[in-house]
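Undergrad: Next comes the sequence, and after it the predicted model I'd like to discuss.
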Amino acid sequence: MKKSLIALAVLAASGAAMAQSTVTLYGIVDVYFGSTKTDNGTTSLRQTKIDSGLVNGSRWGLRGSEDLGGGLTANFKLEQGFSIDTGVARLSPAFGATAVAATATTAAVPAASTAFSRQAYVGLSGSFGETRLGFTTTPFDDYSGASDAIWDSALSPMNSTFRSIAYNPRPGNTIFYATPSFSGLTASVSYSLGENKTATVGAGSVSSFAVAYANGPIAAHLAYQNEKSTGAVTAKKYTRLGGTYDFGVVKALATYGKAENIGNLTDADANDYQLGLDVPVGAALTLSTSFARSKDNATAGNVKRTGLGLGAKYTLSKRTFLTAGYEADTSKLAGRADIKHDLFAIGMQHRF
């Protein structure tokens with residue numbers, strides 16, 4: 001009897017300990033079959049391919065939490081991106097040909113082959129909000145595509161035309177804090193250390209903040225990011241303002257972006273705009289369309305970019321959906337032939 005009571009006590013203690021600490025394996029597998037064309041006025045190339053990340057970058061990860069008592073919880077996340085078509089490690093999906101690729105600041109940015117190249121952090125959460133230390137997204141990145149139509153995917157013209165998408169989403173060496181929700185109002189802030197200061201070279205750093213509101217059919221956000229680069233006098237600055245309103249029969253989405261000091265050049269700026277609609281058609285099917293426009297003076301003359309996208313999403317289950325659509329964009333500069341890009345794709349995503 002004593003042995004039985006001891007065994008039951010051990011099992012009960014073990015069960016309580018397990019209930020206080022959890023670890024979850026999760027991931028996204030996103031693949032598509034498509035055809036993309038680029039035309040710079042001199043050469044034209046159409047490529048048929050199977051690629052990864054039409055809607056979201058494929059990834060797998062581990063996340064966990066431990067109840068420390070008194071309303072305090074310890075959390076961690078380790079996340080790695082990959083290309084489902086090749087199995088190669090990858091940071092994020094590649095968008096349109098006319099998009100300006102995100103450039104690294106002096107804050108540490110891991111190579112795609114680095115283990116857990118998407119996120120790797122530990123932190124605390126409770127009634128005060130949440131803190132993170134390590135390699136994580138900035139508040140600007142958390143809200144950059146929040147009001148982008150066509151699910152902020154490669155089919156969205158925003159991702160092929162905006163200059164303000166050329167920010168650093170995961171600087172590394174980051175201190176992050178997010179407030180709890182106050183009747184739908186939240187805020188977050190982060191600071192990423194450059195950690196490369198020498199006697200002759202200043203350290204680069206990335207600071208970012210965001211304020212968001214979501215209540216009922218309304219959602220809105222404002223985000224800002226400042227990126228200091230080693231040896232550069234002028235810091236790159238990014239602003240994002242967006243909102244959505246769900247009318248029930250249709251959801252309207254609008255996004256404004258501003259990029260300042262592009263390439264660390266003073267007064268090299270861009271203004272970006274995106275308008276879109278999501279239209280639910282039955283319980284499983286949603287149609288979406290988006291128009292995007294951008295203008296900048298970062299080169300001799302003003303470059304104008306416009307794009308249009310159409311997409312459809314069909315939900316098969318809570319974890320699986322199909323996507324199809326078309327996106328086309330054009331970049332214009334006086335004295336130069338137009339640069340054109342288009343993408344037609346059919347994809348599938350599964351979450352686990």
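TA: Now that the structure is in, tell me what you want to look at.
Undergrad: The residue nearest the centre of the chain: what's its closest spatial neighbour, skipping adjacent residues?
TA: With distances taken as C-alpha atoms, centre = their mean, residue 141 lies nearest the centre of the chain, 5.2 Å away. For residue 141, ignoring the flanking residues on the chain, the nearest one in space by C-beta to C-beta, 6 or more residues apart in numbering is residue 169 at 3.9 Å. Yep, even glycine has a C-beta here, placed from its N, CA and C like the rest.
Undergrad: before we move on, what about residue 125?
TA: Here the residue nearest residue 125, using C-beta to C-beta, 6+ apart, is residue 73, at 4.9 Å.
Undergrad: Name all residues that make contact with the one you found.
TA: Residue 73 is in contact with 65-67, 124-126, counting by C-beta atoms under 8 Å, 6 or more residues apart in numbering.
Undergrad: please redo it, this time with the cut-off set to 10 Å
TA: Counting by C-beta atoms under 10 Å, 6 or more residues apart in numbering, residue 73 touches 20-21, 65-67, 123-126, 130.
Undergrad: And the residue nearest to residue 157 when sequence neighbours are not counted, how far from residue 220?
TA: The spatially closest residue to residue 157, leaving aside those adjacent along the chain, is residue 307, at 2.6 Å (C-beta to C-beta, 6+ apart). In this structure, residue 307 lies at 23 Å from residue 220, with C-beta to C-beta, to the nearest Å as the measure.
Undergrad: before we move on, back to that, just the contacts of residue 73: which are in strands?
TA: In this view, the contacts of residue 73 that belong to strands under DSSP state E are 21, 65-67, 123-126, 130.
Undergrad: Kindly present those residues as JSON lines, with separate columns for pLDDT and neighbour count.
TA: Converted to JSON lines, those look like this (pLDDT from 0 to 100; neighbours: other C-beta atoms under 10 Å):
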{"residue": "21", "pLDDT": "87", "neighbour count": "13"}
{"residue": "65", "pLDDT": "97", "neighbour count": "17"}
{"residue": "66", "pLDDT": "97", "neighbour count": "15"}
{"residue": "67", "pLDDT": "97", "neighbour count": "14"}
{"residue": "123", "pLDDT": "98", "neighbour count": "20"}
{"residue": "124", "pLDDT": "98", "neighbour count": "15"}
{"residue": "125", "pLDDT": "98", "neighbour count": "17"}
{"residue": "126", "pLDDT": "98", "neighbour count": "13"}
{"residue": "130", "pLDDT": "98", "neighbour count": "16"}
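Undergrad: Can you verify my assumption that residue 266 contacts residue 234?
TA: Yes: with contacts counted by C-beta atoms under 10 Å, residue 266 reaches residue 234, the gap being 5.0 Å.
Undergrad: Which residues are in contact with each of the two?
TA: Between them, residue 266 and residue 234 share the neighbouring residues residue 260, with contact defined by C-beta under 10 Å, 6+ apart.
Undergrad: So for these two, which residue has more residues nearby?
TA: With other C-beta atoms under 10 Å as the criterion, residue 266 and residue 234 differ in neighbour count, and residue 234 comes out ahead with 16 against 9.
Undergrad: Since that was my last question, I'll sign off now.
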